[in-house]
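[1] Pasted the sequence and its predicted model underneath.
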Amino acid sequence: MGSAIFMDQILLILTYAAVIASAISGALEARKHQMDIVGATTIAFVNAFGGGTLRDMMLGRVPVFWVHDPGLTIAALAFAFLAFYRLETFSRRLLITADAVGLGIFSILGATYALQLDLSPIVAILMGVVTGIFGGVLRDVLSNRIPSVFGQSTELYATCSFAGTTLFAILYGIHVNTLSASLIGAATIFLMRLLAVRFKMTLPPP
Amino acid sequence: MGSAIFMDQILLILTYAAVIASAISGALEARKHQMDIVGATTIAFVNAFGGGTLRDMMLGRVPVFWVHDPGLTIAALAFAFLAFYRLETFSRRLLITADAVGLGIFSILGATYALQLDLSPIVAILMGVVTGIFGGVLRDVLSNRIPSVFGQSTELYATCSFAGTTLFAILYGIHVNTLSASLIGAATIFLMRLLAVRFKMTLPPP
Amino acid sequence: MGSAIFMDQILLILTYAAVIASAISGALEARKHQMDIVGATTIAFVNAFGGGTLRDMMLGRVPVFWVHDPGLTIAALAFAFLAFYRLETFSRRLLITADAVGLGIFSILGATYALQLDLSPIVAILMGVVTGIFGGVLRDVLSNRIPSVFGQSTELYATCSFAGTTLFAILYGIHVNTLSASLIGAATIFLMRLLAVRFKMTLPPP
């Protein structure tokens, strides 16, 4: 009991860290495109919540998740504001690390929601990947460029999400304890992403 | 009773005016990008109904609103057609005024629907802004350019929606009569938008 | 009874053919834009399932259709993979034919779902067209270009969907047997599209 509450608190802190990181990097992206603060907060919001919003709309989990949690919304908007007007505060390495935390958490959460609806593992894995990567895809669409996650020179990103959610779905399927399966899946995504950035790992071209 | 029915009729007329204005300016945007009538009617439709559609999908108000009102759909398509083949009929000033009416009405309607679901004021304000501006955002995405509402040189637009829905949410929160709160909110948005265009007011850059 | 089952099997085979064709042409589009396999499978998926997904989200038919049918998902991903790494396997003429099959089937299915919800014929026709064309629209948005279906030099595409679903809605309205109405509608779309490509038929400019 005590350890479950402790885990919940850890998860909450990590979720805030990931949302804040997404919001900050969204706002920085908006700056690059000469947007104003409206653009910056929108891109920040979409980067942080876009994947989960699309997942919820496709699964019918409505109203979508962030609507129930004004704290996350306020955090995302506040840090987008700060990043837009006080850029120099944030280090790139910290952002990449926090973003990798988010990729891990959001991917596993997305897959979990699909499995809770008794959907097939392949669909659960897709929902995990959509949750993990579509915030960035929609951010890039709103910035009028091809999503960076689709580029041949982008370090592994969706691939990490895919690998970790697949591992999670397998462990879930053989009835490993859900908490352990989640932790292993999310940690795999997190570490694989950091390694991919560190060693500039990309996918083979056609 | 009589005055409520009278207000409903005013609202209906204003809604049609706003939808028609959005449809016309959507069709004109399509012309600028060398689209055919398929593009023009689609862009017109998205410009008029995109924000409300996204709001409804996120809140779970489905089937989405326009599905229940073929009259609005037909009006949007008919005026898109007219604007595409008979451009010269419409004055820019009239379009900006009707668009500002729409920004006011749609923003307040969006916030109202969220408050009716007992969501927090900050979420209601966001839903109001999404309803007000995302038609234009999606129009620009389909036209392959950065949404004009995000640009540093764009006169206040989302900001007007934000200010008016915030005022509305405050009045609603302190139990001002809903109709009065709605009128004050929508009028604030409308007037602020016209002033912003008149005096070329923009947001401060980073 | 026997003939209904036979028709269902034909429909299933045609659906798979259409989804596979959409996935392949999505993956080829991704190659043109120097995307990696993540981009190729995403674009393929969006091209095949985007229209139906948007329709389902707007109508509230959630979880969306493909979530219930992992076989279609696997087929789309597998052929996207194959097309990305083994381009030369597929002929352009075959793709256009299979895509026209898909345009016919998906348009009529989209209109049918709307009519089953007792929505008005004009809305049903729009849902048919959205189902038929929005996969390609979203594919082009993710590829950072104006949707080809909106271009003045594009051979009739949405127009075929519109004509066929309108015919279908009329036949449905005058109580023609649903199966016959569906077949006539889908065949009209299919043949009209092939003729439009063959004779380079386009819509009149403004």
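    That came through fine. Numbering: from 1, shown residues only, chains lettered A, B, ... in the order given.
[2] Tell me the secondary structure at A:E155.
    coil (DSSP: H, G, I helix; E, B strand; the rest coil).
[3] Tell me if I'm right that it and A:L195 touch.
    No - applying C-beta atoms under 8 Å as the test, A:E155 and A:L195 come out as separate, 9.2 Å apart. The way it works is simple: take the backbone N, C-alpha and C, and place the C-beta from them, glycine included.
[4] Give me the more crowded residue out of the two.
    Remark: of A:E155 and A:L195, A:E155 carries more neighbours, 20 against 14, as counted by other C-beta atoms under 10 Å in any protein chain shown.
[5] give me phi/psi at the more buried one?
    phi -60, psi 150 (degrees, to the nearest 10).
[6] List the single closest residue to it in space, sequence neighbours excluded.
    A:A196 (4.3 Å; C-beta to C-beta, 6 or more residues apart in numbering or on different chains).
[7] what sits against that neighbour?
    By C-beta atoms under 8 Å, 6 or more residues apart in numbering or on different chains, the residues touching A:A196 are A:155-157, A:159-160.
[8] Quickly name whichever of these is closest to chain C.
    Of all the contacts of A:A196, chain C sits closest to A:T159, with 6.6 Å by C-beta to the nearest C-beta.
[9] That closest one: which element?
    helix A:158-173 (DSSP states H and E).
[10] Average pLDDT for that helix, rounded please.
    Averaged across helix A:158-173, pLDDT comes to 97.
[11] And for stretch A:136-147?
    96.
[12] Report the buried residues of it.
    By 16 or more other C-beta atoms under 10 Å in any protein chain shown, the buried positions in stretch A:136-147 come out as A:136-144, A:146-147.
[13] do the same with stretch A:194-201
    A:194, A:196-197.
[14] So which of these sit within helices?
    Those of the buried residues of stretch A:194-201 mapping onto helices are A:194, A:196-197, per DSSP state H.
[15] between these, which is nearest chain C?
    A:A196 (12.3 Å).
[16] Quick check: the gap between the closest one and A:L103.
    11 Å (C-beta to C-beta, to the nearest Å).
[17] just for chain A, where's the confidence low?
    Within chain A, the segments meeting pLDDT under 70 span A:1-3, A:87-90.
[18] near chain C, which residues of it show up?
    A:57-60, A:62, A:114, A:117, A:119-120, A:122-123, A:126, A:137, A:141, A:144-147, A:149-152, A:154, A:157-159, A:202-206 (C-beta under 8 Å from any C-beta of the partner chain).
[19] So which of the residues you listed would count as near chain B as well?
    Within these, those near chain B by C-beta under 8 Å from any C-beta are A:57, A:60, A:62, A:141, A:144.
[20] okay, now A:P63: neighbour count?
    A:P63: 17 neighbours (other C-beta under 10 Å).
[21] check contacts around it.
    Here A:P63 is in contact with B:58-60, B:117, B:119 (C-beta under 8 Å, 6+ apart).
[22] Need the buried ones from those residues selected in ChimeraX.
    To isolate the buried ones among the contacts of A:P63 in ChimeraX, judged by 16+ other C-beta under 10 Å, type:
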select /B:58,59,60,119
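[23] Tell me where chain A has helices.
    Under DSSP H, chain A gives helices at A:2-32, A:37-59, A:70-85, A:92-116, A:121-142, A:158-173, A:178-198.
[24] Now for the buried residues of stretch A:136-147: which two are most distant?
    Pairwise distances across the buried residues of stretch A:136-147 (C-beta to C-beta) peak at 14.5 Å, for the pair A:G136 and A:N144.
[25] sorry, back to before: kindly indicate which of the ones next to chain B among the residues of chain A next to chain C lies nearest chain C.
    Nearest to chain C among those, with distances taken as C-beta to the nearest C-beta, is A:G60, at 2.9 Å.
[26] Tell me how many other residues surround the closest residue to the closest one other than its chain neighbours.
    What sits nearest to A:G60 in space, not counting adjacent residues and going by C-beta to C-beta, 6+ apart, is C:V62, at 2.9 Å. Other residues near C:V62 number 20, with proximity taken as other C-beta under 10 Å.
[27] measure the residue nearest to A:E155 to chain B for me?
    29 Å (C-beta to the nearest C-beta, to the nearest Å).
[28] likewise A:A44?
    From A:A44 to chain B the distance is 12 Å (C-beta to the nearest C-beta).
[29] can you pull the contacts of the closest residue to A:S182 other than its chain neighbours?
    Spatial nearest neighbour of A:S182, chain neighbours left out: A:I108 (5.1 Å); criterion: C-beta to C-beta, 6+ apart. Shown in contact with A:I108 (C-beta under 8 Å, 6+ apart): A:128, A:164-165, A:168, A:182, A:185-186, A:189.
[30] again, only this time at 6 Å
    A:168, A:182, A:185-186 (C-beta atoms under 6 Å, 6 or more residues apart in numbering or on different chains).
[31] how close does it sit to chain B?
    In terms of C-beta to the nearest C-beta, A:I108 sits 23 Å off from chain B.
[32] do the same with A:T166
    29 Å.
[33] wait, doesn't that residue sit right on A:I125?
    Yes - the pair A:T166 / A:I125 is scored as a contact, 5.5 Å apart, by C-beta atoms under 6 Å.
[34] Compare neighbour counts for those two and give me the winner.
    A:I125 (26 against 19).
[35] Apart from its neighbours in sequence, what residue is nearest that one?
    A:T165 is the one closest to A:I125 (C-beta to C-beta, 6+ apart), at 4.7 Å.
[36] Just give the number of residues close to A:S91.
    A:S91: 9 neighbours (other C-beta under 10 Å).
[37] Who are the contact partners of it?
    No contacts exist for A:S91 under C-beta under 6 Å, 6+ apart.
[38] for chain B, what are the nearby residues on chain A?
    A:31, A:33-39, A:57, A:62-64, A:67, A:70, A:73, A:84-85, A:144 (C-beta under 6 Å from any C-beta of the partner chain).
[39] thinking again about what came up before, can you tell me which of the ones in helices among the buried residues of stretch A:194-201 comes closest to C:L94?
    So of those, ranked by how close each gets to C:L94 (C-beta to C-beta), first place is A:A196, at 37.3 Å.
[40] how close does the closest one sit to B:G39?
    In terms of C-beta to C-beta, A:A196 sits 39 Å off from B:G39.
[41] With A:I105 instead?
    Taking C-beta to C-beta, one finds A:I105 at 40 Å from B:G39.
[42] the more surrounded of the two?
    Neighbour count, other C-beta under 10 Å: between A:I105 and B:G39, B:G39 has more, with 30 against 23.
[43] pretty sure the more buried one contacts C:S148?
    No - using C-beta under 6 Å, B:G39 is not in contact with C:S148, being 9.9 Å away.
[44] Output the ones in helices among the buried residues of stretch A:194-201 as JSON lines; include the columns distance to A:I24.
    Formatted as JSON lines, those follow (distance: C-beta to C-beta, whole Å):
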{"residue": "A:L194", "distance to A:I24": "18"}
{"residue": "A:A196", "distance to A:I24": "21"}
{"residue": "A:V197", "distance to A:I24": "17"}
